[in-house]
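**Student:** requesting a structural model of the entry that follows:
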Amino acid sequence: MIPIENYIALSAILFTIGVLGVLTRRNAIVIFMSVELMLNAGNLLFVAFAQQYEALSGQVFVFFVMTVAAAEVAVGLALIVAIFRARRTINIDEMSTLKG
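**Tutor:** Residues are numbered from 1 along each chain as shown. The predicted model follows:
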């Protein structure tokens, strides 16, 4: 059996990579993927602690988080495609104005 500390360390590494991706990148799709990486780091912890304490509630919570993340992906990618069609770029710095 893998110790819980390994899951915590892996989750912290994944979350840190996600935060660095959000803070340093200017491409909307890369930022979107970084947010998903941070969500999956949290999901990994939920599953690890659910296994540690033999509780099913953590795994059920992960199921709902993944469902919401799938809906977020669908809406987010639709918004990115709509912005790209209007502006011909997905660079965050060039999308700072709210003028239509």
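**Student:** can you pull the contacts of L20?
**Tutor:** For L20, the contact set (C-beta atoms under 8 Å, 6 or more residues apart in numbering) comprises S34. Yep, even glycine has a C-beta here, placed from its N, CA and C like the rest.
**Student:** helix or strand right after the helix or strand where it lies?
**Tutor:** In this assignment (DSSP states H and E), L20 forms part of helix 4-24. Scanning forward in sequence from helix 4-24 by DSSP H and E, the next helix or strand is helix 28-52.
**Student:** and the closest residue to E36 other than its chain neighbours, how far is that from T24?
**Tutor:** Spatial nearest neighbour of E36, excluding adjacent residues (C-beta to C-beta, 6 or more residues apart in numbering): A69 at 6.4 Å. As for A69, its distance to T24 is 22 Å (criterion: C-beta to C-beta, to the nearest Å).
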